[in-house]
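Q: structural data only, the sequence is not supplied:
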């Protein structure tokens, strides 16, 4: 039986519509900013705290929008699943690596929609759950925008 880690994560976008990914020190995979809730902390509170600690983005937890809860293979730990509660931060943001973050990278979702290959170093939560969810939302938004034409 696999171990399971409970985490909170946040989807953050810049003004070009790119998705923020981060790589923690001593690891190879890029993922969302986020991490494990501290004792007594809700998933929402953990998401907002981790966002501030890891990339310097301060957002009121009440402004984060729940995207869903997914189970995926942990990116950096063998024989481990993560149970991730994922939120979206409203608006657009600038980010800077801090705390345990070694590097940030913005993922161009428009290029992915046009067929660009995904980087091979993305966490399974991103590739298996979040990117398909975001693609579905973009497709729905585009078809809604065109239905009035």
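A: In hand now; what should we look at? If you're wondering where the values come from, they're calculated on a predicted model, not measured in any experiment.

Q: check contacts around the residue most central in space within the chain.
A: The structure's the chain has its C-alpha centroid closest to residue 32; by CA atoms, centre = their mean the separation is 3.2 Å. If a contact means CB atoms under 8 Å, 6 or more residues apart in numbering, then residue 32 has 9-12, 20-22, 86, 123, 125-126, 130 as its contacts. C-beta: built from backbone N, CA, C; applies to glycine.

Q: roughly how far apart are it and residue 23?
A: 11 Å (CB to CB, to the nearest Å).

Q: in stretch 120-140, which residues are buried?
A: When neighbours are counted by 16 or more other CB atoms under 10 Å, the buried residues of stretch 120-140 are found to be 122-126, 129-131, 134.

Q: to clarify, my last question referred to stretch 100-117.
A: 101, 104, 107, 109, 112.

Q: for stretch 53-65, same thing?
A: When burial is assessed from 16+ other CB under 10 Å, stretch 53-65 yields the following buried residues: 54-57, 59, 64.

Q: got the contact list for it?
A: Where contact means CB under 8 Å, 6+ apart, the residues beyond stretch 53-65 that reach it are 10, 12, 20, 22, 33-35, 42, 44-45, 47-48, 51-52, 87-90, 93, 95-101, 104.

Q: what do you get if the cut-off is 7 Å, keeping everything else the same?
A: Contacts with stretch 53-65, where a contact means CB atoms under 7 Å, 6 or more residues apart in numbering, come from 10, 12, 20, 22, 33, 44-45, 47-48, 51-52, 87-90, 93, 95-101, 104.

Q: and that stretch, end to end?
A: In terms of CA to CA, to the nearest Å, the two terminal residues of stretch 53-65 are separated by 19 Å.

Q: got it, and stretch 26-40?
A: Its start and end residues considered, stretch 26-40 measures 28 Å (CA to CA).

Q: how about the helices in this structure?
A: Listed in chain order, the helices of the chain (DSSP state H) span 43-55, 109-113, 124-125, 131-147.
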